[in-house]
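> Have a look; sequence and predicted model below, questions after that.
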Amino acid sequence: MARIGFIGLGNMGAPMARNLLRAGHAVRVFDVFPERIGRLVAEGAEAADSPAEAVAEAEFAITMLPSGREVRAVYGGPGGLIETAVPGTLLIDCSTIDVATAREMAALAREAGLGMIDAPVSGGVGGAEAATLTFMVGGPEEEVERARPILSAMGKAVVRAGEAGAGQAAKICNNMILGISMIAVCEAFVLAERFGLDHQALFDIAAKSSGQCWSLTSYCPVPGPVPSSPANRDYAPGFTAQMMLKDLDLAASAAEATGARVELGAHAAELYRRFVASGGASTDFSGIIRMIRGE
Ligand code: NAD
């Protein structure tokens, strides 16, 4: 059993913290929304009033926050994790953020005698609930090994990508594939509708053909073929379009900084920007099919 502080109890963080409790760990939780803390406390977690209180005495401090801005706020400054965690604590940031912030936080943590790894995830809310996430991890090998049993209680795969920031780099590349492939799957279903082709028929065929991909078979953007996908609950998230836009923008800035050509990635970002601007921000990202359909 380990003592774990967990900060950020949203769509992903809540089920991840729940799986740590199920695995028998002592988990102290914090979120800016008190009702999110209350739900986890009812399931056996301890409540904290601040990030500092969540990680006091903790061996591991896990953050699952929206973006780099919130990670900086929780890690840095007076009362932040870097100032308040006891030396020896391993900080594990599972949020998807930019590589520069991840590296900067890791360097600050190290100066303070703390370990830090970036460990963003893939697998969606379904993977978080079923403890089948994939963790892509950046940081020193011994810290990754120290975190492995904790991460394994929340996921099925823990893959070290390299040093600090490498987990975020892998995640940004992965989500660029996801953003592009979701739009491709949505366009295919909309075209099928115009042909008069049944959703289930296209699904049954593409799922066994070269069009097969996660956006189709695990997260189908039309209701019916994959009962757990957000399409079956009016596109309640899940993974919001706003978050997908954040990740595609991270990919675009990384591409600019490195000179990589990512034309489809850039176009996917523009389509998500339009969807977000037209009111889709807190819809699941697969809801972009409505815009593609012309609704
Ligand atoms: P979310 O918005 O549902 O949850 C974020 C939580 O952080 C919220 O409960 C919010 O109140 C809390 N929070 C924000 N600022 C805080 C602060 N200063 N202190 C404490 N708590 C704070 O987001 P999510 O969907 O759970 O995603 C979290 C991260 O995981 C994001 O970086 C996202 O890109 C990534 N991610 C999400 C999915 C998905 O399917 N939802 C999949 C993979 C990765």
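Done, it's in.
> quick check: domain ranges of this protein?
What the record gives for the chain is the domain set 3-163, 169-293, from automatic domain parsing.
> Straight-line length of stretch 110-123, end to end?
Terminal residues of stretch 110-123 are spaced 30 Å apart (CA to CA, to the nearest Å).
> what number of residues lie near A236?
Other residues lying near A236 total 13 when counted by other CB atoms under 10 Å. In this view, the C-beta of every residue, glycine as well, is placed from N, C-alpha and C.
> right, and the helix or strand after whichever strand or helix holds F275?
Applying DSSP states H and E as the criterion places F275 in helix 263-275. Next helix or strand after helix 263-275 toward the C-terminus (DSSP H and E): helix 288-293.
> Can you point out the buried residues in that next one?
By 16 or more other CB atoms under 10 Å, the buried positions in helix 288-293 come out as 288-292.
> Determine the set of other helices and strands touching it.
Using 3 or more CB pairs under 8 Å, 6 or more residues apart in numbering; DSSP states H and E, the elements in contact with helix 288-293 are helix 166-195, helix 263-275.
> Kindly export the lengthiest strand in the chain (C-alpha atoms) in PDB.
Determined from DSSP state E, the single longest strand within the chain is strand 155-162. C-alpha atoms of strand 155-162 as PDB (Å, rounded to 0.1, in the frame of the first residue of the first chain):
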ATOM      1  CA  GLY A 155      -3.500   1.000 -16.800                       C
ATOM      2  CA  LYS A 156      -2.500  -2.000 -18.800                       C
ATOM      3  CA  ALA A 157       0.700  -0.600 -20.300                       C
ATOM      4  CA  VAL A 158       3.500   1.700 -19.000                       C
ATOM      5  CA  VAL A 159       5.900   2.600 -21.800                       C
ATOM      6  CA  ARG A 160       9.000   4.700 -21.100                       C
ATOM      7  CA  ALA A 161       9.500   7.100 -24.000                       C
ATOM      8  CA  GLY A 162      12.800   8.700 -22.800                       C
END
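> just the angle between it and helix 166-195, please?
If you take axes from the mean of the first three to the mean of the last three CA atoms, to 10 degrees, strand 155-162 sits at 120 degrees to helix 166-195.
> What mean pLDDT does strand 155-162 get?
Strand 155-162 comes out with an average pLDDT of 98.
> And stretch 184-203, by the same measure?
On average, stretch 184-203 scores 98.
> distance between that stretch and the chain's centre?
Stretch 184-203 sits 28 Å away from the centroid of its parent chain (CA atoms, centre = their mean, to the nearest Å).
> Just want the residue of this protein that's nearest the ligand.
Closest to the ligand within the chain is G10: 1.7 Å, counting by CB to the nearest ligand atom.
> and that residue, which of the three is it?
coil (DSSP: H, G, I helix; E, B strand; the rest coil).
> Surely it and P66 touch.
Yes - with contact defined as CB atoms under 8 Å, G10 and P66 form a contacting pair (7.5 Å).
> So between these two, which is more surrounded?
Between G10 and P66, counted using other CB under 10 Å, G10 has the larger neighbour count: 19 against 16.
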